[in-house]
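> Got a sequence here, can you build the structure:
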Amino acid sequence: MQAHDWAWLDARESVTLSELSRVCGLSAEELDELMDYGALVALQAAQPEPMFSAEFVPPLRTVAKLRMDFDLDLCAVAILLDHVLRIEALEREVQSLRAHLPGHEHKARRDGPRP
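This next block holds a predicted model:
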C-alpha cells in the first residue's frame, strides 16, 4: 500500500465523484449507475458534484478489479459491492467482539482452502 492510500482508510474523509472514479477505475457514469442501483450512496448529492465517504474506496477498488478479472456487468458489481461492504462490517464486528474477550489470543488468519 502506498503512502497516499492511507488517506482512503479514514471514513471521516470524503471524496468527489471524479476523485472516486479516478482512484477506483470506474467511470463517473458507472458510479452513477451504481448509485441508481442503491449500491453506492452519496454523502451530499446536492453539491455540483456528489461527495462520498472515503470508506468506499477500498471496496470499490476490489470490485472494480473483480469486474475486470471476471468480465462482470454493473448489476453484478452492485451486488458484489453490497456483499463486500457487508463482509467488512461483519469483520469489524468480530474484531470488536474478540477485543472484549478476556485473555483471547488472536490466531493467525489464513486465506484460502484449509488442508
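
> CA only for contacts and neighbour counts going forward, please
OK.

> The residue of the chain positioned farthest from its centre and residue 93, how far apart?
Among the C-alpha atoms of the chain, the one farthest from their average position, using Cα atoms, centre = their mean, is that of residue 103, at 31.8 Å. With distances taken as Cα to Cα, to the nearest Å, residue 103 is found 18 Å from residue 93.

> Next, find the distance separating the residue farthest from the centre of the chain from residue 85.
Relative to residue 85, and taking Cα to Cα, residue 103 is found at 30 Å.

> and the least confident helix or strand in the chain by mean pLDDT, how far out from the chain's middle?
For the chain, using mean pLDDT, DSSP states H and E, the weakest element among its helices and strands is strand 14-16, scoring a mean of 89. Relative to the mean C-alpha coordinate of its chain, strand 14-16 is positioned 14 Å out (Cα atoms, centre = their mean, to the nearest Å).

> Number of residues surrounding the nearest residue to residue 13 once chain neighbours are set aside?
In space, not counting the residues next to it along the chain, residue 13 is nearest to residue 54; the distance is 5.4 Å by Cα to Cα, 6 or more residues apart in numbering. Other residues lying near residue 54 total 19 when counted by other Cα atoms under 10 Å.
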